[in-house]
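Colleague: Attaching a predicted model along with its sequence, questions to come.
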Amino acid sequence: MGWMLVLFDLPVTTKRERDQATGFRKKLLDDGYSMLQFSVYMRSCSSWERMKKHSRRLRIYAPEGGNIRAILMTEKQWVKSIAIVSEHYRKKKKTSEMHQLSIFENW
């Protein structure tokens, strides 16, 4: 098992670009990703083959003019990651969102 992180910078200068960026985020959510940060999404994958499958889908979803990176991590690598979240940030989030974040922190 592993994790697939998708990080991106998308142009949002024009209305068309904003619509494309929003559409890209929605496609990620529909495809089983969860938002970790505004331009960082993640999903679990049960095998490297599944990660390859989702990597191919990213190429299809990608709006023109964007910079998208996919990082594939094993479960062992993921549990070694750290999250530094300030109290101020935590207070701004809803309880349910923070519960989801704490699940990812302890996964």
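Modeller: Thanks, I have it. Numbering: from 1, shown residues only.

Colleague: Enumerate every residue touching the nearest residue to G66 once chain neighbours are set aside.
Modeller: Nearest residue to G66 in three dimensions, chain neighbours excluded: L10, at 4.2 Å (Cβ to Cβ, 6 or more residues apart in numbering). Backbone N, C-alpha and C define where each C-beta goes, glycine included. Contact partners of L10, counting by Cβ atoms under 8 Å, 6 or more residues apart in numbering, are E17, Q20, A21, F24, S39, P63, G65, G66, N67, I68.

Colleague: Could you give the average pLDDT over stretch 68-76?
Modeller: Here stretch 68-76 scores 91 as its mean pLDDT.

Colleague: Pull out the buried residues from that stretch.
Modeller: I68, M73 (16 or more other Cβ atoms under 10 Å).

Colleague: distance of the spatially most central residue of the chain from H88?
Modeller: Per Cα atoms, centre = their mean, the C-alpha nearest to the average position across the chain is that of Y41, at 0.5 Å. Here the criterion is Cβ to Cβ, to the nearest Å. By it, Y41 lies 23 Å from H88.

Colleague: With F8 instead?
Modeller: Per Cβ to Cβ, F8 is found 25 Å from H88.

Colleague: who has more neighbours, those two?
Modeller: F8 (20 against 7; other Cβ atoms under 10 Å).

Colleague: which residues touch the closest residue to that one other than its chain neighbours?
Modeller: The spatially closest residue to F8, leaving aside those adjacent along the chain, is I68, at 4.3 Å (Cβ to Cβ, 6+ apart). Taking Cβ under 8 Å, 6+ apart, we find I68 in contact with V6, L7, F8, L10, L58, A62.

Colleague: Hmm, I71 and the second one touching each other?
Modeller: Yes: here L7 lies in contact with I71, judged by Cβ atoms under 8 Å, at a distance of 7.1 Å.

Colleague: Export the helix or strand that contains L7 to CSV, keeping only CA atoms.
Modeller: For L7, the element it lies in under DSSP states H and E is strand 2-9. The C-alpha trace of strand 2-9 is given here as CSV (Å, rounded to 0.1, in the frame of the first residue of the first chain):
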residue,chain,number,x,y,z
GLY,A,2,1.1,3.5,-0.7
TRP,A,3,0.1,7.1,-1.1
MET,A,4,-0.1,9.3,-4.1
LEU,A,5,0.4,13.0,-3.5
VAL,A,6,-0.5,15.5,-6.2
LEU,A,7,0.9,19.0,-6.0
PHE,A,8,0.1,21.7,-8.5
ASP,A,9,0.2,25.3,-9.5
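
Colleague: All set now, cheers.
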